[in-house]
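Student: give me a model of this one.
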Amino acid sequence: MGLVLKHVNRTKAGTWQYRRRLPRDVAPIVGKGEFKRFLGSTEREALRNFPKVNVEFERLVAGARMRSHAGQSVGTPLEVHRQAERRAQELAATSVYIGDRVLPASDPEAASVLRDSYLSSFPYDDAGEPVGVPEVEGRALSILVNGGRLSRPAPTIEDARLLYLRERIEGDINETAKTARLRLNMEHLSAASVDKGRALTSLTREDARNVKDYLLRDLEMKPATVRRYINGVCALINFGMTEFGLRDTMVNPFQNLTIRGAETATTAARDERSPVPEPMLPVLRERVSVHAGEDLWRIWRIVEGTGCRLGEVTGLLVSDVMLDAGIPYISLVPHTHRRLKNAGSVRRVPLIGDALKAAREAVKAAGNGPALFSRYGRVRGADAASAILMKHVRAVTEDRKIVVHSLRHRMEDRLTLAGVSEFDRNLVLGHSSGGMSERYGGPDARLKVAERAIKAALSGAGDGDRGKGPRRK
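Tutor: Below you'll find the predicted structure:
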């Protein structure tokens, strides 16, 4: 019977050779993709030399990985453990030769021999502990020696952050802004002595109060601003609790944290933006009509006539505009370049009067392009449109409460004054409402109700000549 060993083969010359591919992460560091060593001319020599050559391979891999991680962390204790578990599985599949016996590396005796052989290549300190052992390799050997029963480290805040970043932020349309906000939240936690290495289960209500006090006292933030940051931290902890299966073992200490003044500030925030006053509207329309580009003038008219958010209009595709339907409308759905605020924002909004005229002009101007407004139908396109339109608004008024979004507030006021119910207003404006889909059975019915609502809002005094609009010069 011929010699049968993993990674061992007989050459054409009749000698025995150890041949094994290097892991993908190691090959670029070593500079080759395969490890080969001469084992001997006979089976006996090959058996005798196999263990030390196999250990040489393991040392080569471990050393390369250690060099690749020199000067940088290999991750949190939980991440190290996970990597070590995978490494331990690889080691368990190998064989260890003790005398004339061939044992699987998962055998307790073989695992101990493998560990001792590996650690012998490192220097020892005065306490007799090896120095410089890579974290992953060292823990993998411990897992192997303990029969795979080494307990996992507790998930930390940093573990939650890394997972939240990977699952909730990476690839998002607002990835840069959300990553920056998450990083800032982590900085605030650290400054308040809540280190990122803290186990989630060790967090206390006192920790939450310390973070709150740091933001209020040391950074002198307004209560409403503190509330936003605390909500961000709370969302991160909630995510970690769910993903790491900690819901039954802990309570989120940042949940329902009292911040005096935040509730009042939140209520007052509703007054930060005012509807466009009726006497000011013709002046604004004249300014935008004459001085802004034609695409911005059309955007303004659609926002004014529908109450849509600016980003909802700038992100429209030509295919979203249904001009030939029984009731012409725009279909607001999420796109890769433009998300919608919430589930209630997915809706059909009727086009009536000047808004319909502006939509027809926009479709014609778009030609064969996919975007209704090619200049602004992109990521952050709404910000660019807002910046330009706000210059024209400020040319008319210095009132800081009057902004482009004030057109939406104006539509909401007109709907309210026309006696339109809250449910029907939500159909037009896209406010989130869980019961909306139950109240109205289908999109056609909702479109008819929304059309009736907008007609009621636009039928008031002063709207009769809106369809004409100022002439461009």
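
Student: list the buried residues in the longest helix seen in the chain.
Tutor: Ordering each helix of the chain by length in residues (DSSP state H) puts helix 43-68 first. Buried residues in helix 43-68, defined by neighbour count with 16 or more other C-beta atoms under 10 Å: 43, 46-47, 49-51, 53-55, 57-59, 61-66. The C-beta positions use only the backbone N, C-alpha and C, and glycine is treated the same way.

Student: name the helices or strands packed onto it?
Tutor: Contacting helix 43-68 under the criterion 3 or more C-beta pairs under 8 Å, 6 or more residues apart in numbering; DSSP states H and E are the following elements: strand 16-21, helix 27-30, strand 34-40, strand 95-98, helix 108-119, helix 135-145.

Student: and the fifth one with helix 43-68, angle?
Tutor: Direction vectors for helix 108-119 and helix 43-68, defined by axes from the mean of the first three to the mean of the last three C-alpha atoms, to 10 degrees, enclose an angle of 60 degrees.

Student: tell me the buried residues in helix 108-119?
Tutor: Going by neighbour count (16+ other C-beta under 10 Å), the buried part of helix 108-119 is 110-111, 113-115, 117-118.

Student: returning to what we had before: lowest average pLDDT across the helices and strands packed on helix 43-68?
Tutor: Least confidently modelled of the helices and strands packed on helix 43-68 is helix 27-30, at a mean of 76 by mean pLDDT.

Student: show me what that one is packed against.
Tutor: Based on contacts counted as 3+ C-beta pairs under 8 Å, 6+ apart, the elements that helix 27-30 packs against are helix 43-68.

Student: so what are the domain limits for the protein?
Tutor: The chain breaks down by automatic domain parsing into domains covering 8-145, 157-271, 281-458.

Student: what's the separation between the residue lying closest to Glu175 once chain neighbours are set aside and Asn238?
Tutor: Take Glu175 and drop its neighbours on the chain: the residue closest to it by C-beta to C-beta, 6 or more residues apart in numbering is Ile169, 5.7 Å away. In this structure, Ile169 lies at 15 Å from Asn238, with C-beta to C-beta, to the nearest Å as the measure.

Student: beyond the lowest-mean-pLDDT helix or strand in the chain, next helix or strand please.
Tutor: Averaged element by element with mean pLDDT, DSSP states H and E, the chain has its least confident helix or strand at helix 436-439 (a mean of 44). Where DSSP states H and E defines the elements, the next helix or strand beyond helix 436-439 is helix 443-458.

Student: which parts of that following helix are buried?
Tutor: For helix 443-458, a neighbour-count test (16+ other C-beta under 10 Å) marks 446-447, 449-454, 456-458 as buried.

Student: adding distance to Leu103 and pLDDT, write the residues you listed out as a markdown table.
Tutor: Supplementary listing: these in a markdown table, determined by distance: C-beta to C-beta, whole Å; pLDDT from 0 to 100:
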| residue | distance to Leu103 | pLDDT |
| --- | --- | --- |
| Arg446 | 71 | 90 |
| Leu447 | 74 | 93 |
| Val449 | 76 | 93 |
| Ala450 | 75 | 93 |
| Glu451 | 79 | 95 |
| Arg452 | 81 | 95 |
| Ala453 | 79 | 94 |
| Ile454 | 80 | 95 |
| Ala456 | 84 | 94 |
| Ala457 | 82 | 93 |
| Leu458 | 85 | 90 |
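
Student: of these, closest to Lys401?
Tutor: Minimum separation from Lys401 among the buried residues of helix 443-458 (C-beta to C-beta) is found for Ala457, which lies at 21.1 Å.

Student: check which helix or strand the closest residue to the closest one other than its chain neighbours maps to.
Tutor: The shortest distance from Ala457 to any residue that is not its chain neighbour, by C-beta to C-beta, 6+ apart, is 3.9 Å, and that residue is Arg414. Following DSSP H and E, the helix or strand that holds Arg414 is helix 406-417.

Student: ok, now which ones touch the nearest residue to Ala292 once chain neighbours are set aside?
Tutor: Taking C-beta to C-beta, 6+ apart, and ignoring the residues beside it in sequence, Ala292 has His392 as its nearest neighbour in space, at 5.8 Å. His392 makes contact with 284, 287-288, 291-292 under the criterion C-beta atoms under 8 Å, 6 or more residues apart in numbering.

Student: no further questions, thank you.
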